[in-house]
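In: predicted coordinates and the sequence they were generated for:
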Amino acid sequence: MGSISNTEVHNHHNDDDDDDHRHRVNFSIQRGFGTKLKEALKETLFPDDPFRQFKNEEKPMGRVMKGVQYFIPIFEWLPTYNFRLFCSDLIAGLTISSLAIPQGISYAKLADLPPLIGLYSSFVPPLIYAVFGSSRHMAVGTIAAASLLIAQTIQTVVDPVEDPTLYLHLIFTTTFITGVFQACLGFFSFIKIDLMIIDFLEKENCYFYIYFGNNIRWEPTILGVIFVAFLQFTRHLRNKNPKLFWVPAIAPMVTVVVAAVFTYVVKGQHHGIQIVGHLDKGLNPLSIHYLNFNGKYLRAVVQAGLVTGVLSLAEGIAIGRSFAVADNTPHDGNKEMIAFGLMNLFGSFTSCYLTSGPFSKTAVNYNAGCKTAMANVVQAIVMALTLQFLAPLFGFTPLVALSAIIISAMLGLIHYEEVIHLYKVDKFDFVICMAAFLGVIFISMDVGLMLSVGLGVLRALLYVARPAPCKLGKLPEIGLYRDTEQYNVSTYPGVLVVQLGSPVYFANSIYVKERIMRYIRSEESSTGDVVEHIILDLSGVTAIDTTAIKGLDELIKILGKNGVKVLFVNPRLEVMEKLIISKFVEKIGKESFYLILDDAVMASQYTLRSSKAANNAQEVV
């Protein structure tokens, strides 16, 4: 890292000449309270500017039509829908239906629910999503993580064996709470959810739940091992040849059919092979009158609803976005929240429990060539026909076959390569991942989730409280200022340039002040030059509060007593407004503000030369 001498700096003849050549900072822009409030609300509630499409629309009916298309996405793609697209969606819909039936029964048993509830949940919610969902590839269904988490939470207040009716009603109420929560998040757009730890939360303790929940007998054990081996073999075939994606997709249905036929033929229930039992025909009965908000159970219901709501949103939105990016198709996280909320809300009224966008079904849907959300409509129709005519046939399905399906899905969601990648790239991410993994296995699903989320929040707070400013130097070849630790740059004797790259407010203002003082001590000890000017680059400071402004004022006073002058470069609009209103600019003078770093550095160098010349003159006298 080099040093630039005074003779290498452009010579400014006097203060007036310096003022003429510097790029001026705009102090005149002052927005009114109403303007600032309007812009703040817009950025908070509507960051993606959803109303931009209406600005150039002159006809009232045109605006109405675009509004309907925006809020109800099916009207956006349905007018251009054609038979060719339907053929693709039909194949995809039939494919995911073959997966939805065994998964629906399996995950319902995982949640200690009647198997029909799992089938019901693949009928109404997919229809709702097809109308309001923005993803073209999402396949709606139940998810194992939420099934297990709901069961664990609700079972703290009611036993599903002793009072199955009350337990079922509380599950419907939990789904209702989840739907309201998700829809509200979507309407108000307060958050964007993207938790990277979802893959490691899924199903990690399902094996223990299933294995120890049944008496061990050799007949179902052998049958289960065979089914797991078969399902894993189909997955291996898909990995070897991606064109065989349909093989693992239909494998669960094949497993269920073969297992049911085998059990029926050999009368397996007399040999320790437990079966699902009788299933009634018929479509979803209404359950809105079963919602239970009794205060005795409300705490557990709300807890289960909120936690599973976040979990299902995180998984569904992240999965939908990943496939949208892969296929360059539209995806709107806010619309997804609304769609998920509405499908769970209506699902709670029609004997369904929580649904989302499972990775396995969505991947199958994508690989099967789906083009629009019509694939979900096909799935719903197939499920309706199954419920109306074929449901009793699945009563002979052995529980061990369902367990094998869940275990196989669990094994497919453990990504060792991702864990290794996290360890290499970011150790804190690895700790978050392992906290979720070990918490789920050894404690419970909700504890594992809370541990990982808590660590994620802690990391965010650390980033906020320790924004990591950096010292800048100049790259002479191109005239840009960059981090001295990252590049071989030149610095100026007596001048310290520091860049602040985040909002400055009460949580980090003291740290910023102390960090600048540490930079000064380090600079003086390493170079032997006395720091006389501090230049703060505020380009990256998007916001500042009164505590931080007072902190800057204190910093200037402390440095001023030591003969150090502070200059500010490129404060952004919101920051400048607060500095002006708080009289900070008036107190330190407008001459302390510069638009570009070069002007501030040159002015500092000119002041240093003038001061040195004056001292030399005094010595001569």
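Out: Looks like it arrived, so ask away. Please read all numbers here as calculations on a predicted model, not as lab measurements.
In: point out where the stretch 401-550 of the chain drops to low pLDDT.
Out: Low-confidence segments of the stretch 401-550 of the chain (pLDDT under 70): 409-410, 412-413, 444-446.
In: swap the cut-off to 90 and go again
Out: Low-confidence segments of the stretch 401-550 of the chain (pLDDT under 90): 401-470, 476-480, 483-486, 488-494, 501-512, 515, 519, 522-532, 540-543.
In: please enumerate the strands of it.
Out: When assigned using DSSP state E, counting those that start in this stretch, the strands of the stretch 401-550 of the chain occupy the ranges 470-475, 480-483, 490-491, 495-499, 533-537.
In: what does the first one contact?
Out: Put plainly, it is strand 470-475. 1, 4, 480-485, 487, 489-492, 496-499, 501, 519, 523, 537, 597, 601 (Cβ atoms under 8 Å, 6 or more residues apart in numbering). Placement of C-beta: from N, CA and C, glycine included.
In: restricted to buried residues, select these in ChimeraX.
Out: A single ChimeraX command suffices to select whichever of those are buried according to 16 or more other Cβ atoms under 10 Å:
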select :4,481,482,484,489,491,492,496,497,498,499,519,523,537,597,601
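In: may I see the strands of the stretch 401-550 of the chain organised as TSV, with distance to Gln182 added?
Out: Below are the strands of the stretch 401-550 of the chain laid out as TSV (distance: least, Cβ to Cβ, whole Å):
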stretch	distance to Gln182
strand 470-475	40
strand 480-483	42
strand 490-491	53
strand 495-499	40
strand 533-537	42
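In: so which of those is nearest Gly34?
Out: strand 533-537 (31.1 Å; Cβ to Cβ).
In: packing partners of the closest one?
Out: Under the contact criterion of 3 or more Cβ pairs under 8 Å, 6 or more residues apart in numbering; DSSP states H and E, strand 533-537 touches strand 495-499, helix 509-527, strand 565-569, helix 597-620.
In: each with direction, which strands does it pair with?
Out: Take DSSP bridges as the rule and strand 533-537 pairs in its sheet with strand 495-499 (parallel), strand 565-569 (parallel).
In: hang on, isn't Ile544 packed against Pro503?
Out: Yes. Applying Cβ atoms under 8 Å, one finds Ile544 in contact with Pro503, separated by 6.9 Å.
In: these two: which has the busier surroundings?
Out: Counted by other Cβ atoms under 10 Å, Ile544 and Pro503 do not tie: Ile544 has more neighbours, with 26 against 18.
In: so who does the more buried one touch?
Out: 503-505, 574-575, 578-579.
In: 10 Å instead, please
Out: Under the criterion of Cβ atoms under 10 Å, 6 or more residues apart in numbering, the contact list for Ile544 reads 500, 503-505, 509, 538, 551-552, 571-572, 574-579, 582, 584.
In: how much space separates it from Phe506?
Out: Separation of Ile544 from Phe506 (Cβ to Cβ, to the nearest Å) stands at 10 Å.
In: mutual contacts of the two, please.
Out: Joint contacts of Ile544 and Phe506 (Cβ under 10 Å, 6+ apart) are Gly551.
In: among the helices and strands packed on strand 533-537, show me which one is buried the most.
Out: strand 495-499 (a mean of 22; mean count of other Cβ atoms under 10 Å).
In: next, the angle helix 509-527 makes with that one.
Out: 140 degrees (axes from the mean of the first three to the mean of the last three Cα atoms, to 10 degrees).
In: so strand 495-499 versus strand 470-475, what angle?
Out: Going by the same axes, to 10 degrees, strand 495-499 makes 120 degrees with strand 470-475.
In: follow-up on the earlier one: may I see the strands paired with strand 533-537 organised as CSV, with distance to Thr175 added?
Out: CSV is the format used below for these (distance: least, Cβ to Cβ, whole Å):
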stretch, distance to Thr175
strand 495-499, 50
strand 565-569, 54
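In: out of the ones you listed, nearest to Gln605?
Out: Here strand 495-499 is closest among the strands paired with strand 533-537 (Cβ to Cβ), at 6.9 Å.
In: what's the domain layout of this protein?
Out: 76-414, 469-620 (the TED database).
In: and among these, the most buried is which?
Out: When these are compared using mean count of other Cβ under 10 Å, domain 76-414 is most buried, at a mean of 20.
In: so how far is that one off the chain centroid?
Out: 21 Å (Cα atoms, centre = their mean, to the nearest Å).
In: measure it end to end?
Out: Distance across domain 76-414, first residue to last, is 37 Å (Cα to Cα, to the nearest Å).
In: circling back to that earlier point, and of the helices and strands packed on strand 533-537, who's closest to Gly118?
Out: Nearest of those (Cβ to Cβ): helix 509-527, 52.0 Å.
In: what is the longest helix along the chain packed up against?
Out: In the chain, with assignment by DSSP state H, the single longest helix is helix 295-327. On a contact count with 3 or more Cβ pairs under 10 Å, 6 or more residues apart in numbering; DSSP states H and E, helix 295-327 meets helix 144-154, helix 164-188, helix 198-201, helix 333-349, helix 359-367, helix 445-465.
In: adding distance to Ala401, write those out as TSV.
Out: Formatted as TSV, those follow (distance: least, Cβ to Cβ, whole Å):
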stretch	distance to Ala401
helix 144-154	16
helix 164-188	23
helix 198-201	25
helix 333-349	26
helix 359-367	17
helix 445-465	24
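In: out of these, which is closest to Glu417?
Out: Counting by Cβ to Cβ, Glu417 lies closest to helix 198-201 out of those; the figure is 11.1 Å.
In: average pLDDT for stretch 241-259?
Out: For stretch 241-259, mean pLDDT is 81.
In: got the domains of the chain as JSON lines, with distance to Gly448 columns?
Out: Below are the domains of the chain laid out as JSON lines (distance: least, Cβ to Cβ, whole Å):
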{"stretch": "domain 76-414", "distance to Gly448": "6"}
{"stretch": "domain 469-620", "distance to Gly448": "29"}
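In: and of those domains, who's closest to Phe33?
Out: Phe33 lies closest to domain 469-620 among the domains of the chain, at 10.8 Å (Cβ to Cβ).
In: ok now the closest one, how far from the chain's centre?
Out: Worked out by Cα atoms, centre = their mean, domain 469-620 lies 36 Å from the chain centre.
In: picking that back up, nearest to Gln69, of the domains of the chain?
Out: Using Cβ to Cβ, the nearest of the domains of the chain to Gln69 is domain 76-414, at 4.3 Å.
In: mean pLDDT lowest for which of the helices and strands packed on helix 295-327?
Out: Mean pLDDT values for the helices and strands packed on helix 295-327 show the minimum at helix 198-201, a mean of 41.
In: so what would you say the end-to-end distance of stretch 363-376 is?
Out: With Cα to Cα, one end of stretch 363-376 sits 13 Å from the other.
In: going forward, count from 15.
Out: Sure, I'll start counting at 15 from here, so that last one is stretch 377-390.
In: quick one: contacts for Ser336?
Out: Ser336 makes contact with 151, 345, 373, 376-377, 380, according to Cβ under 10 Å, 6+ apart.
In: nearest to Val391 among these?
Out: His151 (14.2 Å).
In: the closest one in helix, strand or coil?
Out: When classified by DSSP: H, G, I helix; E, B strand; the rest coil, His151 comes out as coil.
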